[in-house]
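*Asks:* Below is the sequence, then the predicted model.
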Amino acid sequence: MPEPKPKFKKSAGILLFRRVGHEIEVLLAHPGGPFWKNKDYGAWSIPKGEYADNEDPLAAAKREFAEETGLTLSGDFIPLGEIRQPGGKAVMAWALEGDFDTATLRSNTFSMPWPPRSGKLREFPEIDRAAWFPLALARLKILQGQAEFLDRLAGPQPPGPLL
């Protein structure tokens, strides 16, 4: 008997970060394919992918990062917890301090009919580019439903001036 589909899809990913002077930069990925081609602000994501109920989420996050970037990660992963994106997908993430030369990006691909109703199957990279962003700019670039991960990475902010 086939395993029942979960009510919500689950993904796991890695938020790679580095320190540049006194600033933190994060690596974000831009989704490939024709639907995302001309989208920028609010379109970027942490490298992530779906995993099965019987799969270890951190192992899935490492696998997906490697498939989408070509880089295999190891080290002391910092749990960032789980968020639920507006569409219902649950995303679990870990942060890791490291570096990545975005010029070496090697993403796996997916196929889809394109142009629509043409009968032609085209192949597209899952990620068409990756880039490093300071946290303030990353908050504008990342999918709104994942912005909480940036806040969790940054940690508690000191209170503003007292009024």
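*Replies:* Nice, thanks for sending it over.
*Asks:* Pull out the buried positions in stretch 16-25.
*Replies:* The neighbour-count check on stretch 16-25 (16 or more other CB atoms under 10 Å) flags 16-17, 24-25 as buried. (Each C-beta comes from the backbone N, C-alpha and C, glycine too.)
*Asks:* Tabulate those residues in JSON lines, adding columns for distance to residue 71 and secondary structure.
*Replies:* Below are these laid out as JSON lines (distance: CB to CB, whole Å; DSSP: H, G, I helix; E, B strand; the rest coil):
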{"residue": "16", "distance to residue 71": "8", "secondary structure": "strand"}
{"residue": "17", "distance to residue 71": "14", "secondary structure": "strand"}
{"residue": "24", "distance to residue 71": "19", "secondary structure": "strand"}
{"residue": "25", "distance to residue 71": "16", "secondary structure": "strand"}
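*Asks:* quick one: stretch 12-22 to chain centroid distance?
*Replies:* The chain centre lies 12 Å from the centre of stretch 12-22; the measure is CA atoms, centre = their mean, to the nearest Å.
*Asks:* what does it rub up against?
*Replies:* 24-27, 45-49, 51, 57-58, 60-62, 64-65, 73, 77, 80, 91-100, 132, 134, 149-150, 153 (CB atoms under 8 Å, 6 or more residues apart in numbering).
*Asks:* and the one helix or strand residue 110 maps to, what other elements does it pack with?
*Replies:* Assigned by DSSP states H and E, residue 110 falls within strand 109-113. Applying 3 or more CB pairs under 8 Å, 6 or more residues apart in numbering; DSSP states H and E, we find strand 109-113 packed against strand 121-125.
*Asks:* what's the following helix or strand after the strand it packs on?
*Replies:* For strand 121-125, the following helix or strand on the C-terminal side (DSSP H and E) is strand 127-134.
*Asks:* Could you check the angle that following strand makes with strand 109-113?
*Replies:* Angle between the axes of strand 127-134 and strand 109-113 is 120 degrees (criterion: axes from the mean of the first three to the mean of the last three CA atoms, to 10 degrees).
*Asks:* For strand 127-134, what is the distance to the chain centroid?
*Replies:* Here strand 127-134 is found 10 Å from its chain centre; the criterion is CA atoms, centre = their mean.
*Asks:* Same check on stretch 139-158?
*Replies:* So, by CA atoms, centre = their mean, the centroid of stretch 139-158 is 12 Å from its chain's centroid.
*Asks:* Sounds good, over and out.
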